[in-house]
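1. sequence first, predicted coordinates after that:
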Amino acid sequence: MMRNSAILLTGAICLTCIGCGSPASTDTGNPGTAATNPADGPLSVPKAGSSTAKAKSGPNLVGDRMTSITSAAPNLAIPQEPSPFRFTDKTKDSGIGFVNFSGMDKEKYFPTANGSGVAVLDYDGDGLFDLYFCTATTLPLGSSTHGSNKLYRNLGSGKFEDVTEKAGVGFVGFTHGAIVGDIDNDGDPDLFLCNYGPNALYLNNGDGTFRNISKSAGIDRPGWSSSGAFLDIDNDGDLDLYVSNYGIWNYPDDHVFCGDAERKIRMYCSPRLIKTTKHFLYRNNGDGTFTDVLDAAKIGRSDGHGFGVVTADFNGDGKVDIYVANDMNPNFVFFGNGDGTFEDVTEKCGAAFDEKGQSQSGMGVEGEDVNGDGTFDLFVTNFQNEYNTFYENVGKGNFMDNTSFYGLAADSLPWVGWGCVLADFDRDGWPDLFVSNGHVDDNREELGLAGTYAEPSLLHRNLEGKRFKLATRGVGTYFDTNHVGRGVAQGDLDNDGDVDLVINHKDGPPAILFNETPTENRWLRVVLVGTKSNRDAIGTRLELEIPKRILYRQRKGGCSMFSSNDPRLTIGVGPNDLVTKLTVRWPSGTVQVLEDVKTNAEVKITEPKD
């Protein structure tokens, strides 16, 4: 998440590196035990403005990288060549009136730096994918409220309608992430909310409404959750859930002063001051309840400030795995055994650290076969002065930091990266890359720090699996200005066969970017329905044979940050009228083969029960 570029001391601004200041201790107990369900009352903490609510004295620690504050921040090089991509921002006329509220104020309470995400889901089953936006509230919890999360129904033609109240999903609290999955295999998407405070679970009733089953499901434990991902850890046919927890932060005990003490100007503190804690792994009991089995699954680590999560088969053994981006800690890599347990390969697989063996500020995550070799590569966004990291899968569950080789290091160094998407925006069969950027402190200029709060988004074109090239010139008005981006989700909102983008901005309206890239390339949309496997088909692998190539894709869980993508797989296939052979490898071990599948069409594939 957050690291600033200097240590600020009373009466002066000094430049130094971290190394002073001890890392935060870890805690293996219940996280955030002072929290209670907002429905039952506020946190048991003093009200803002009371005598005991004053900020504690503490180290004036702001950051972990030495950066000159006298020089201007590097400018993003404008590509000389026009981009092949075109995106049109249709937010203004969409009917979406949502505005994110992060809770940020002059106190700079740590959780308010992170922002929130967005989910793409078809909540009412009409074939048009809807949008659920997350927002936060003021801290300390219970001091006041500020709006709710919002659900917008897709009406077609780029128009949306606010159905939050009617659907019953207007959660009021401090939400970072929205995770979507069919937990009861009834064909309707359900909604899990990752909150500061108790998490929430909404079960889809199948009639356009939801009901809150958080308490009865056993998931409303207090804590500070960021993101998560559904997966079937034991191949019993229902979806389990991994939830990343950022750490433990309670008011007023953990609210220390960071910034310019003499001028009484706060900045967000370093993550090193936040105690880490265990994440959650909820096993679906099949009766509407869940049990945390993190320790039983042999992945009970407590040393990660958890952010983005992606679940898929990384090592090619047919079993679903877990990858977690951690802020200033090793990224977790857990290989599934298919029986509810995992092997922790974090320290030996090559995808936990950068090429120098150092932890980075892992935030958003993605995974896809970027170079067409049939293995599943990983991508992680990081903080300013740390490049976003591309981990190339070199086979047998081993990864290598090949970021510079793929041309992704230099363009990302100046920025703070958050949500990200690997998707084929021009349908040429090669996954392209979008990254949403934005700093954490809105008062950098006041303190004479380099860099701006709003930052440019990155859009890279995949050059046939050999490298990426920045491609932001002439894409559309959204890419001509800077933004304070956070969560990002992708999906085909207008069902025209290409991938659109939705970005949730911190303390601002979102962006709904419709993909209008001119191309003669074709597409195939694959809708998967599991029977023996989980109905959402998470962990399913596809092989699409087209002339001279085989495309490899997976139905993933999680991805990006705080957000959920369109569950349908919209796959670019180049100029080809047919996919000559489509192989589907289900988590159950079942293999299906379809031949001569027409493109520019949707194909629904149901796993055979026998």
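-> Received the coordinates, thanks.
2. all helices of the protein, in order?
-> Here the chain has its helices, by DSSP state H, at 164-167, 214-217.
3. would you format the ones you listed as CSV with distance to residue 235 included?
-> Placement of C-beta: from N, CA and C, glycine included. What follows is these, written out as CSV (distance: least, C-beta to C-beta, whole Å):
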stretch, distance to residue 235
helix 164-167, 32
helix 214-217, 21
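4. and of those, who's closest to residue 142?
-> Closest approach to residue 142 among those is made by helix 214-217 (17.5 Å; C-beta to C-beta).
5. residue 514 against residue 492, yeah?
-> No: applying C-beta atoms under 8 Å as the test, residue 514 and residue 492 come out as separate, 9.8 Å apart.
6. need the overlap of contacts for the two.
-> Counting by C-beta atoms under 8 Å, 6 or more residues apart in numbering, the common neighbours of residue 514 and residue 492 are residue 500.
7. thought residue 533 was touching residue 231?
-> No: applying C-beta under 8 Å as the test, residue 533 and residue 231 come out as separate, 11.2 Å apart.
8. any regions of the stretch 151-300 of the chain where pLDDT drops low?
-> Within the stretch 151-300 of the chain, no stretch has pLDDT under 70.
9. which residues does the closest residue to residue 556 other than its chain neighbours contact?
-> Residue nearest to residue 556 in three dimensions, not counting chain neighbours: residue 312, with 4.5 Å by C-beta to C-beta, 6 or more residues apart in numbering. By C-beta under 8 Å, 6+ apart, the contact set of residue 312 is 320, 321, 367, 376, 538, 539, 554, 555, 556, 557.
10. could you redo the last one with a cut-off of 6 Å?
-> Going by C-beta atoms under 6 Å, 6 or more residues apart in numbering, residue 312 touches 367, 376, 554, 556.
11. excluding its backbone neighbours, what's nearest the third one?
-> The one in question is residue 554. Distances taken as C-beta to C-beta, 6+ apart place residue 312 nearest to residue 554, at 4.7 Å, with adjacent residues excluded.
12. show me what that neighbour is bridged to.
-> With DSSP bridges as the criterion, residue 312 is bridged to residue 321.
13. tell me how far the residue nearest to residue 282 when sequence neighbours are not counted lies from residue 177.
-> Leaving out its chain neighbours, the residue that sits closest to residue 282 by C-beta to C-beta, 6+ apart is residue 290, at 3.9 Å. Shown here: residue 290 relative to residue 177, a distance of 17 Å by C-beta to C-beta, to the nearest Å.
14. with neighbour numbers in mind, choose between the two.
-> Counted by other C-beta atoms under 10 Å, residue 290 and residue 177 do not tie: residue 177 has more neighbours, with 32 against 21.
15. tell me how far residue 276 lies from residue 224.
-> Noted for residue 276: a distance of 11 Å to residue 224, by C-beta to C-beta.
16. out of the helices of the chain, nearest to residue 415?
-> With C-beta to C-beta as the measure, helix 164-167 is the member of the helices of the chain nearest residue 415 (32.6 Å).
17. for residue 557, see how far away residue 316 is.
-> 17 Å.
18. of those two, who's got more company?
-> Shown here are residue 316 and residue 557; by other C-beta under 10 Å, residue 557 has more neighbours (30 against 15).
19. mind checking pLDDT for the more buried one?
-> According to the prediction, residue 557 has pLDDT 98.
20. cool, residue 446 as well?
-> Looking at residue 446, its pLDDT is 91.
21. dump the residue contacts of it.
-> With contact set as C-beta under 6 Å, 6+ apart, residue 446 has no partners.
22. could you do residue 364 as well?
-> 308, 381, 418, 419, 420, 560, 561.
23. could I get the contacting residues of the third one?
-> The one in question is residue 418. Counting by C-beta under 6 Å, 6+ apart, the residues that residue 418 touches are 363, 364, 436, 485, 486, 561.
24. show the contacting residues for the fifth one.
-> What it means is residue 486. 115, 418, 504, 506.
25. off-centre distance for stretch 525-543?
-> Averaging C-alpha positions (C-alpha atoms, centre = their mean, to the nearest Å) puts stretch 525-543 21 Å from its chain's average.
26. how long is it from one end to the other?
-> End-to-end distance for stretch 525-543: 13 Å, by C-alpha to C-alpha, to the nearest Å.
27. cool, stretch 120-139 as well?
-> Terminal residues of stretch 120-139 are spaced 28 Å apart (C-alpha to C-alpha).
28. quick one: buried residues of that stretch?
-> 120-124, 128-139 (16 or more other C-beta atoms under 10 Å).
29. do stretch 508-516 as well
-> By 16+ other C-beta under 10 Å, the buried positions in stretch 508-516 come out as 508, 510, 511, 512, 513, 514, 515.
30. of the residues you listed, just say which sits nearest to residue 571.
-> Nearest to residue 571 out of those is residue 515 (C-beta to C-beta; 14.1 Å).
31. give me the neighbour count for the nearest residue to the closest one once chain neighbours are set aside.
-> Once flanking residues are discounted, residue 515 sits nearest to residue 498: 4.2 Å by C-beta to C-beta, 6+ apart. Neighbour count for residue 498, taken as other C-beta under 10 Å: 21.
32. pLDDT wise, what is residue 498 at?
-> Here the pLDDT value assigned to residue 498 is 97.
33. distance of it relative to residue 127?
-> Going from residue 498 to residue 127 by C-beta to C-beta gives 17 Å.
34. likewise for residue 258?
-> Separation of residue 258 from residue 127 (C-beta to C-beta) stands at 49 Å.
35. got it, and residue 227?
-> Distance, residue 227 to residue 127, by C-beta to C-beta: 27 Å.
36. repeat for residue 521
-> Note on residue 521: its distance to residue 127, by C-beta to C-beta, is 23 Å.
37. residue 99: what's it in contact with?
-> residue 509 are the contacts of residue 99 under C-beta under 6 Å, 6+ apart.
38. all strands of the stretch 451-600 of the chain, in order?
-> Along the stretch 451-600 of the chain, counting by DSSP state E, counting those that start in this stretch, strands occupy 458-462, 468-470, 485-491, 500-505, 511-515, 522-529, 541-546, 549-554, 557-558, 569-574, 578-585, 591-598.
39. residue ranges in this protein under the pLDDT threshold?
-> Applying pLDDT under 70 to the chain picks out residues 1-77.
40. can you do 90?
-> Scanning the chain for pLDDT under 90 picks out 1-81, 142-146, 447-451, 609-610.
41. who is the residue nearest to residue 545 when sequence neighbours are not counted paired with across the strands?
-> Counting by C-beta to C-beta, 6+ apart, residue 545 lies nearest to residue 581, which is 4.1 Å off, once chain neighbours are set aside. Beta-bridge partners for residue 581, by DSSP bridges, are residue 545, residue 595.
42. neighbours of residue 581, how many?
-> 15.
43. does it touch residue 544 like I think?
-> No: under the criterion of C-beta atoms under 6 Å, residue 581 makes no contact with residue 544, lying 7.7 Å away.
44. the buried residues of stretch 508-516 into TSV, with extra columns for distance to residue 105?
-> Formatted as TSV, the buried residues of stretch 508-516 follow (distance: C-beta to C-beta, whole Å):
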residue	distance to residue 105
508	16
510	22
511	24
512	28
513	30
514	34
515	36
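45. strands of the stretch 151-300 of the chain, start to end?
-> Ranges of strands within the stretch 151-300 of the chain are 159-162, 175-181, 190-195, 200-204, 210-212, 225-231, 240-245, 259-260, 265-266, 276-277, 280-284, 290-292, based on DSSP E, counting those that start in this stretch.
46. same question for the stretch 301-450 of the chain.
-> Along the stretch 301-450 of the chain, counting by DSSP E, counting those that start in this stretch, strands occupy 306-312, 321-326, 332-336, 342-344, 365-368, 377-380, 389-395, 398-401, 417-423, 432-437.
47. now the ones you listed as JSON lines including distance to residue 473?
-> Formatted as JSON lines, those follow (distance: least, C-beta to C-beta, whole Å):
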{"stretch": "strand 306-312", "distance to residue 473": "28"}
{"stretch": "strand 321-326", "distance to residue 473": "29"}
{"stretch": "strand 332-336", "distance to residue 473": "36"}
{"stretch": "strand 342-344", "distance to residue 473": "44"}
{"stretch": "strand 365-368", "distance to residue 473": "23"}
{"stretch": "strand 377-380", "distance to residue 473": "22"}
{"stretch": "strand 389-395", "distance to residue 473": "22"}
{"stretch": "strand 398-401", "distance to residue 473": "28"}
{"stretch": "strand 417-423", "distance to residue 473": "19"}
{"stretch": "strand 432-437", "distance to residue 473": "15"}
